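Q: Fold the following for me, if possible:
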Amino acid sequence: MTSRKSLWAAAAALAAGAVVVRRSTARPADPAATDRWLTVTINRGPSDIQPDKLPAPLQEYGDRIETRIHPAPGGRGTELAVRLRETQPGTSGSVPARLAGQDPRQNLRRALREAKALLEAGEVLRPDVPPTTHDTPGGRLVGLLTRRAGGEGVL
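A: Numbers count the residues shown, from 1 in each chain. Just a heads-up that it's a prediction; the model follows:
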């Protein structure tokens, strides 16, 4: 009986810890906080990436984005950072907008990932369509979670 109580106590402590961690990582309510830079590290030298010669996915944004190019720490390539100059109030960074796929930063994240692929490999790799295997329950779950990521590359 004591082991059952200690198990419940451990589960309660874990749940409380998760709530504390979630609250500490929550975004501030300040609208300016949604105006963050999106950054990727590219395995190319800083001289290989020019702000006026960015790959097509980022060139489509034109003057609507700001760009920063810096050497990555430890000589590990180049950091390419972008952010939207103006965002629509109430859409950027809100959870409902992100879930509905209406956050303008989602498309910018996708464009930044594609630009990284183009700069490193010369092409954007896409999965086989139709896939080379048959769908399984585990594959359906992964597909559902991938669609749920909302174009951000994260769940």
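Q: Count the residues that sit near residue 54.
A: 22 (other C-beta atoms under 10 Å). For every residue, glycine as well, the C-beta is placed using N, CA and C.
Q: Touching, it and residue 115? I think so.
A: Yes - Residue 54 lies in contact with residue 115 (C-beta atoms under 8 Å); the separation is 6.3 Å.
Q: what's the helix or strand for residue 147?
A: Applying DSSP states H and E as the criterion places residue 147 in helix 137-148.
Q: Just the CA trace of that helix, in CSV.
A: The C-alpha coordinates for helix 137-148 follow below in CSV (Å, rounded to 0.1, in the frame of the first residue of the first chain):
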residue,chain,number,x,y,z
PRO,A,137,-1.2,2.8,-37.9
GLY,A,138,2.1,4.3,-36.7
GLY,A,139,2.6,6.0,-40.1
ARG,A,140,-0.9,7.5,-39.8
LEU,A,141,-0.1,8.8,-36.3
VAL,A,142,3.2,10.4,-37.6
GLY,A,143,1.3,11.9,-40.5
LEU,A,144,-1.3,13.4,-38.2
LEU,A,145,1.4,14.9,-35.9
THR,A,146,3.3,16.3,-38.9
ARG,A,147,0.2,18.0,-40.2
ARG,A,148,-0.6,19.3,-36.7
